[in-house]
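Asker: Please work out how this folds:
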Amino acid sequence: QVLLQESGGGLVQAGGSLTLSCVASGGSFDSYNMGWFRQAPGKEREFVAAISTNSATYYAAAVKGRFTISRVNAENAVYLQMNNLKPEDTAVYYCARHYSGSLVTTTTYDYWGQGTQVTVSS
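Answerer: Sure thing, here's the model as predicted:
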């Protein structure tokens, strides 16, 4: 059984920064691509960023240049550094393990964390 545990969310003013962490237990962490998604109230869950097993990175257009995804395999951890946060970044952020196919769709991820709330005030 694979468990993903996110942390690091909170309340921040617009223009501020937060770093989200996701620690995995179970499975072979370094064998899988990992992703971050977010879901705002009343909206569908959307892709934010992904990182491959060899640390290639991919970003949604809305966050490119402001967010940075990274991983430390020795820690079984993936991180999301978020800078210059905007009110529209407010959402519950989820990390997930990718198993096959497209990196930007929720259906190609098999394990999900419980989410961490990020709220950006204007």
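
Asker: Was I right to think Val92 contacts Lys43?
Answerer: No. Val92 is beyond contact range of Lys43, at 10.5 Å (criterion: Cβ atoms under 8 Å). In this view, the C-beta of every residue, glycine as well, is placed from N, C-alpha and C.

Asker: of these two, who's got more company?
Answerer: Each of Val92 and Lys43 has its neighbours counted (other Cβ atoms under 10 Å); Val92 has more, 18 against 9.

Asker: and the more buried one, bridged to which residues?
Answerer: Taking DSSP bridges, one finds Gln39, Gln117 as the beta-bridge partners of Val92.

Asker: OK, contacts around it?
Answerer: Counting by Cβ atoms under 8 Å, 6 or more residues apart in numbering, Val92 makes contact with Gly9, Arg38, Gln39, Ala40, Gly115, Thr116, Gln117, Val118.

Asker: what number of residues lie near the second one?
Answerer: It refers to Arg38. Neighbour tally, Arg38, other Cβ under 10 Å: 24.

Asker: What score does the closest residue to it other than its chain neighbours have for pLDDT?
Answerer: If the residues on either side of it in the chain are set aside, Arg38 comes closest to Ala91, at 3.8 Å by Cβ to Cβ, 6 or more residues apart in numbering. The score at Ala91 is 98. That number is its pLDDT.

Asker: Can you get me a residue count around Ala91?
Answerer: 22.

Asker: Run a quick neighbour tally on the residue nearest to Gly10 when sequence neighbours are not counted.
Answerer: Leaving aside its sequence neighbours, Gly10 sits nearest to Leu18 (Cβ to Cβ, 6+ apart; 6.3 Å). If you count neighbours by other Cβ under 10 Å, Leu18 ends up with 20.

Asker: Fine by me, thanks again.
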